[in-house]
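Peer 1: Predicted model and sequence below, questions to follow.
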Amino acid sequence: MKLSQAKAIAKAAITVKTDTLDCVPYLVSGAGIGKTSIVHEIAEELGVGCQILSLAQYDAGELAGWVLPNADGETMDRRCPDWMPRDGKGILFLDELPQAPVSNQNIAAQLVNERRIGSHYLPEGWHIIAAGNRMSDRAGTNNMPSHLKDRLMFLEIEADLEDAIAYFYKKHMDERIPAFLRFRPEWLHKFNRDENACASPRSWERVATTLKYGLDPVNQIEAIAGTIGRAATAEFTGFLKVFDVIPDIDQLIANPASATVPDAPDVQYAVCAALSAKMNGKNAKSIVTYLKRLPQQEFAAFVIKDAMNRTEDLKKELKRDDAVREWIMSIGKHLIL
């Protein structure tokens, strides 16, 4: 399923009250898909906190709470774990569940099944979401015990281009990255067990960071290769050079009826990415005039789609624009909003 679907299901599972057994959403995917990001988004939308418990990083004593002597010097009790919320509302995110040792998984099972660790209960306002990587990805996973799996709702997530690009625009990432991924979508998520660095939505977000370093071309290539691997880097850096030959975007917007329309598909993609980054309510009519001249209207369609992904206010503004509405109707088969 798509990341957005998993988010909707997980949010419903922790917010809709029923008189039957709770289901704990378990987000499972390849590495770098964005599981953690959607848990943070759910918490933000609900106006609650989010506490991440990386189960593979704890030893069993620290996770369950240390057994320490009481003041009488004769009896002993298990102390409440430091990570356990004491009050308030929030999401307890059990991350790296399959990567955790079996002893920690058994501790997590009590938390999932009974909302407690020993005699210490999770406050009523807190909800649990769990996540982990697929066993097939060789991410150091262990088989989970059946009594733990039995209470989890397995939500298996695959990388989705539209979800990823919408997220990239919300994060105000360099528009050249979504442009490249629309042109070469197979590089959104390509896992290679033999490489240290692989392309994933998370690693592309880090590429956006490396582009801000101001490195010389040679070092920039090395930085990107260390993030997404050399094969992806070769294609991406080649695509970046296309932006050096696109027409002046401000001049194009000022003269949409006569501005140059590139012949090469990669240059068209680059132009569309630049137009999407510039589009607003004031220049929408001019940009639509130019987009109507593109030979491949599916290329043009992502301009409006990505512009609408930037902010909700811009999305509303563009939907009210007569030129945009008319154009959307004319290319409906290429555009699903």
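Peer 2: That came in fine, so what should we check first? Please read these numbers as outputs of a predicted model, since none were measured by experiment.

Peer 1: Look up the closest residue to Leu46, ignoring the ones flanking it.
Peer 2: Spatial nearest neighbour of Leu46, chain neighbours left out: Thr15 (7.0 Å); criterion: C-beta to C-beta, 6 or more residues apart in numbering. Bear in mind the C-beta positions are built from the backbone N, C-alpha and C, glycine included.

Peer 1: For burial, what's the neighbour tally of Ala56?
Peer 2: Neighbour count of Ala56, defined by other C-beta atoms under 10 Å: 18.

Peer 1: my read: it touches Asn104, true?
Peer 2: Yes. Between Ala56 and Asn104 there is a contact under C-beta atoms under 8 Å: 7.4 Å.

Peer 1: Can you identify the element that follows the helix or strand hosting Tyr269 toward the C-terminus?
Peer 2: Using DSSP states H and E, Tyr269 maps to helix 265-278. Next helix or strand after helix 265-278 toward the C-terminus (DSSP H and E): helix 284-291.

Peer 1: Show me what the following helix or strand past that following helix is packed against.
Peer 2: Later in the chain than helix 284-291, the nearest helix or strand by DSSP H and E is helix 297-310. Helix 297-310 makes packing contacts with helix 161-170, helix 265-278, helix 284-291, helix 312-320, helix 322-330 when contacts are defined by 3 or more C-beta pairs under 8 Å, 6 or more residues apart in numbering; DSSP states H and E.

Peer 1: so which of those helices comes closest to Gln110?
Peer 2: Counting by C-beta to C-beta, Gln110 lies closest to helix 161-170 out of these; the figure is 33.8 Å.

Peer 1: list the buried ones in the helix or strand following that closest one?
Peer 2: The helix or strand immediately downstream of helix 161-170 is helix 176-183, counting by DSSP H and E. If you call a residue buried by 16 or more other C-beta atoms under 10 Å, then helix 176-183 has these buried ones: Arg176, Ile177, Pro178, Ala179, Phe180, Leu181, Arg182, Phe183.

Peer 1: May I see the residues you listed arranged in a markdown table, with pLDDT as well?
Peer 2: Output for those, formatted as a markdown table (pLDDT from 0 to 100):
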| residue | pLDDT |
| --- | --- |
| Arg176 | 91 |
| Ile177 | 94 |
| Pro178 | 90 |
| Ala179 | 88 |
| Phe180 | 92 |
| Leu181 | 93 |
| Arg182 | 89 |
| Phe183 | 88 |
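
Peer 1: Between those residues, which sits nearest Ser200?
Peer 2: Leu181 (11.5 Å).

Peer 1: quick one: that closest one and Trp187 touch, right?
Peer 2: Yes. Assessed by C-beta under 8 Å, Leu181 is found in contact with Trp187 at 6.4 Å.

Peer 1: show me what contacts Tyr269?
Peer 2: Ala179, Phe180, Arg182, Phe183, Val242, Phe299 (C-beta atoms under 8 Å, 6 or more residues apart in numbering).

Peer 1: again with Ala225
Peer 2: Ala197, Thr233 are the contacts of Ala225 under C-beta under 8 Å, 6+ apart.

Peer 1: what kind of secondary structure is it in?
Peer 2: Taken by DSSP: H, G, I helix; E, B strand; the rest coil, the conformation at Ala225 corresponds to helix.

Peer 1: from here on, count from 4
Peer 2: OK, 4 is where the count begins now, so the last one is Ala228.

Peer 1: confidence score at it?
Peer 2: Listed pLDDT for Ala228 reads 95.

Peer 1: quick one: low-confidence ranges for the stretch 204-340 of the chain?
Peer 2: Applying pLDDT under 70 to the stretch 204-340 of the chain flags residues 334-340.

Peer 1: returning to what we had before: go through the buried residues of helix 179-186 and say which is closest to Thr236.
Peer 2: Phe183 (11.1 Å).

Peer 1: From Thr236, how far out is the closest residue in space to the closest one that isn't next to it in sequence?
Peer 2: Nearest non-adjacent residue to Phe183, counting by C-beta to C-beta, 6+ apart: Phe242, 4.7 Å away. Distance of Phe242 to Thr236, given as C-beta to C-beta, to the nearest Å: 11 Å.

Peer 1: So what's the residue count around the spatially closest residue to Arg328 that is not a sequence neighbour?
Peer 2: Of all residues beyond its chain neighbours, the one nearest Arg328 is Lys322 (6.9 Å), with distances taken as C-beta to C-beta, 6+ apart. Number of residues near Lys322 (other C-beta under 10 Å) recorded here: 13.

Peer 1: Can you tell me what sits against the helix or strand harbouring the residue nearest to Phe183?
Peer 2: Assessed by DSSP H and E, Phe242 sits inside helix 233-245. Residues from elsewhere that reach helix 233-245, judged by C-beta under 8 Å, 6+ apart: 179, 182-183, 186-187, 190, 193, 202, 210, 223-224, 227-228, 231, 267, 269-270, 272-273.

Peer 1: so who does Arg185 touch?
Peer 2: Per C-beta under 8 Å, 6+ apart, neighbours of Arg185: Leu164, Ile168, Tyr272, Ala276, Phe305.

Peer 1: quick one: contacts for the nearest residue to the fourth one once chain neighbours are set aside?
Peer 2: When you say that, I think you mean Ala276. In space, and not counting its chain neighbours, Ala276 is closest to Ala182: 3.2 Å by C-beta to C-beta, 6+ apart. Neighbour list for Ala182: Phe242, Tyr272, Ala273, Cys275, Ala276 [criterion: C-beta under 8 Å, 6+ apart].
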